[in-house]
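Asks: quick one, fold the following:
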Amino acid sequence: MTKRAAVGTYNDGFIHAGNLAYLSMLAIFPFFILGAALFTLFGEQAERAQMIGAVLSAMPPTVYKTIAPVAQDVIEARSGWLLWIGAAVALWTVSSLVETIRDIMRRAYGAEAKHAFWKYRLFSFALILVSVVLLIVSLVVQVLIGTAQQLIAELIPNMEEWVSTLRVTRGLPAIVLFGSLWMIFYTVTPERFRGKGYRVWPGALFTASWWMVVATLMPLVLGSVFTYDLTYGSLAGIMVALFFFWLVGLGVVIGAELNAAIALTKAGGDSDSSEASTDEKETQ
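Replies: Predicted coordinates for the structure are as follows:
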């Protein structure tokens, strides 16, 4: 099983990681435009900055500082019908990233597409819209938790333990990240391997863990080993962001190959056991 995952990652991982890095950089600003458009329906326009911060909270500080100001300028430059036209284009762009992950899953499982292209694309549209709505809900929950934390601290000073617990709940990007990855992995996994007995969470858990480790260690490595500023000058921030997305993309491929190895090993075992039982019946 480990060998199958390693071979699959070696064969396809580096190519797909580069593709995901490019598409992630291409899609992240359209995603913010789409989120800003939906915020005009469900939330306050002033909360757009919080949306950007929530999405970038799982990324290294260098990537955050590179993307956040540009994203803020992008969403502030659009309003009215121009915002909604941008949202429509953004929906198509971001869905291309989802379809790329779907293709990675198909290759990992050795499966073929069963539905028309437009059906998969519509499903990706729905997945992205649900993701943005969940992001809005999570921001509202964060605001409520912050309000509750202040009220408890002011009205009941002795409840410091509860306040500390609320502070912990505010720092749950890893759990949110795992939930988001699990939803993506589940929806893009071939239908045959989404049924009972097949697990999707190992790949999502590995990818989320890989993501958090990369986000934690990358600033330390860049600060002590590499000098991107001397190589890329003013483009250093963009190159660091691309490198981060490449590493995350590699983690996605490894997670997909891990799930495929587990599922195909189980499917092979099930087929072997069924053949053995058939042989026993024929012998009897």
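
Asks: switch to C-alpha atoms for all contacts and neighbour counts from now on
Replies: OK.

Asks: low-scoring pLDDT stretches of the stretch 151-284 of the chain, where are they?
Replies: Within the stretch 151-284 of the chain, the ranges that satisfy pLDDT under 70 run 151-173, 223-231, 267-284.

Asks: cutoff 90 now
Replies: Applying pLDDT under 90 to the stretch 151-284 of the chain flags the ranges 151-184, 186-188, 190-201, 211-241, 243, 262-284.

Asks: over to the stretch 1-150 of the chain?
Replies: Scanning the stretch 1-150 of the chain for pLDDT under 90 picks out the ranges 1-16, 23-100, 102, 107-150.

Asks: what segments of it are helices?
Replies: Read by DSSP state H, counting those that start in this stretch, the stretch 1-150 of the chain holds these helices, from start to end of the chain: 2-42, 48-56, 61-76, 81-109, 117-155.

Asks: and of these, who's closest to G197?
Replies: Using CA to CA as the measure, helix 81-109 is the one of these that comes nearest G197, at 15.7 Å.

Asks: which parts of that closest one are buried?
Replies: 83-87, 90-109 (16 or more other CA atoms under 10 Å).

Asks: circling back to that earlier point, make a markdown table out of the helices of the stretch 1-150 of the chain and add distance to Y198.
Replies: Converted to a markdown table, those look like this (distance: least, CA to CA, whole Å):
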| stretch | distance to Y198 |
| --- | --- |
| helix 2-42 | 16 |
| helix 48-56 | 30 |
| helix 61-76 | 36 |
| helix 81-109 | 12 |
| helix 117-155 | 21 |
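
Asks: which residue is nearest the middle of the chain?
Replies: For the chain, L181 is the residue whose C-alpha lies nearest the centre (CA atoms, centre = their mean; 4.9 Å).

Asks: looks like it contacts A208 (just checking).
Replies: Yes. Between L181 and A208 a contact is recorded at 7.1 Å, counting by CA atoms under 8 Å.

Asks: ok, and the closest non-adjacent residue to I101?
Replies: Nearest residue to I101 in three dimensions, chain neighbours excluded: V188, at 7.2 Å (CA to CA, 6 or more residues apart in numbering).

Asks: cross-check the contact I'm expecting between the one you found and M105.
Replies: Yes. With contact defined as CA under 8 Å, V188 and M105 form a contacting pair (6.8 Å).

Asks: quick one on the thing from earlier: show me the contacts for the residue nearest to I101.
Replies: 101-102, 105 (CA atoms under 8 Å, 6 or more residues apart in numbering).

Asks: and K266, by the same measure?
Replies: Contact analysis of K266 by CA under 8 Å, 6+ apart lists nothing.

Asks: so how far is W84 from it?
Replies: In this view, K266 and W84 are 46 Å apart by CA to CA, to the nearest Å.

Asks: may I have the phi/psi pair for A116?
Replies: phi -70, psi 160 (degrees, to the nearest 10).

Asks: burial count for it?
Replies: For A116, the neighbour count with other CA atoms under 10 Å is 8.

Asks: distance of it from R192?
Replies: According to CA to CA, A116 and R192 sit 17 Å apart.

Asks: L127 too?
Replies: Per CA to CA, L127 is found 20 Å from R192.

Asks: now do A77
Replies: When distance is defined by CA to CA, A77 is 45 Å away from R192.

Asks: next one: Y232
Replies: Distance from Y232 to R192, by CA to CA: 46 Å.

Asks: L38 now?
Replies: From L38 over to R192 the distance is 34 Å, taken as CA to CA.

Asks: now I128
Replies: Noted for I128: a distance of 23 Å to R192, by CA to CA.

Asks: who has more neighbours, those two?
Replies: Using other CA under 10 Å, the more surrounded residue of I128 and R192 is I128, with 21 against 11.

Asks: the more buried one reaches L97, doesn't it?
Replies: No. I128 lies out of contact with L97 (CA under 8 Å); the separation is 10.3 Å.

Asks: let me know how buried the residue nearest to T265 when sequence neighbours are not counted is, in neighbour terms.
Replies: Nearest non-adjacent residue to T265, counting by CA to CA, 6+ apart: M1, 6.6 Å away. Per other CA under 10 Å, the neighbour tally for M1 reads 16.

Asks: repeat that for T66.
Replies: 17.

Asks: find the residue closest to the residue nearest to the centre of the chain in space, skipping its chain neighbours.
Replies: A204 (5.4 Å).

Asks: enumerate every residue touching that neighbour.
Replies: By CA under 8 Å, 6+ apart, A204 lies in contact with 178, 181-182, 185, 255.
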